[in-house]
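> Sequence and predicted structure are below.
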Amino acid sequence: MAREELKVAAPELRLDVEGREEPIDWWAAFGRTGPVEIEVGIGKGRFLIAAAVARPDVLHLGIEWANKYLRIAETRAARRELDNVRFVRTDAKVFLRRLVPAESVDAYYVFYPDPWPKKRHHKRRFFTPDTVRDVARTLRSGGWLHASTDHAEYWDAIESVLDGSDLVRQPEFGGEAFPLPVDQPLTNFETKYRDQGRGRLRATWRRPGDPGRLP
């Protein structure tokens, strides 16, 4: 199946942001309005596509750098004829900083980001103080950030930077607006780790405030 999927792409679902300077217009990107949710590092798109199927009223944007995985996710979305999904191949940190409008995102999902375990590479990690400020700036009031990893040292760093930010840790992972059952594996990584008997480190943070009404 993977070989077949790699042959078929859905370029119409991919946003071209190369050289773009102005923030994304979500209506122009999706052709309609709705709550916007972004997954950073979608892999083959298991979570993103399941969430998009479960909630067709929500606009889902998936960010992925590995083109071979992105093409698989695009093909899976196209086969399901999902009109509430778009993809972008880019550096997620730069994308948030430059192209995501302030207070325009209802939720971020960041599952198993590259831990960059060597100290000299820590600056490449997604969860840095600067990027977390961009997450907080681009979230709507009451917006969500869901994060998970299997890397204990990185998790310590994630907790430190998020607990020291303007976002508020929630009592449990997921919360009222989470699209899928949290007791089930959400990604291919989680399926593998469950089979191996490994645990998962995860939590949810939220931007303070009343979500209010969508425009």
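Great, that's in hand.

> does Asp91 really touch Glu64, like I thought?
No - judged on CB atoms under 8 Å, Asp91 makes no contact with Glu64 at a distance of 11.0 Å. C-beta here means a position set from N, CA and C on the backbone, and glycine is covered the same way.

> OK, contacts around Pro179?
50-51, 54-55, 58 (CB atoms under 8 Å, 6 or more residues apart in numbering).

> What subset of the residues you listed is buried?
Buried members of the contacts of Pro179, counted by 16 or more other CB atoms under 10 Å: 51, 55, 58.

> Straight-line length of stretch 164-179, end to end?
Start-to-end span of stretch 164-179 (CA to CA, to the nearest Å) is 27 Å.

> Now do the buried residues in it.
Quick answer for stretch 164-179 (16+ other CB under 10 Å): 165, 167, 170, 174, 177-179.

> Out of these, show me where the pLDDT dips lowest.
Among those, Ala177 carries the weakest pLDDT, at 87.

> Without its sequence neighbours, what residue ends up closest to it?
Take Ala177 and drop its neighbours on the chain: the residue closest to it by CB to CB, 6 or more residues apart in numbering is Trp144, 6.2 Å away.

> Does the one you found touch Pro208 like I think?
No - checked against CB under 8 Å, the pair Trp144 and Pro208 is beyond contact range at 11.9 Å.

> what about the two, which has more around it?
Trp144 (24 against 11; other CB atoms under 10 Å).

> Next, the contact list for the more buried one, please.
By CB under 8 Å, 6+ apart, the neighbours of Trp144 are 106-108, 175, 177-178, 204-207.

> Quickly name whichever of those is closest to Val161.
Val161 lies nearest to Trp205 out of these, by CB to CB, at 10.4 Å.
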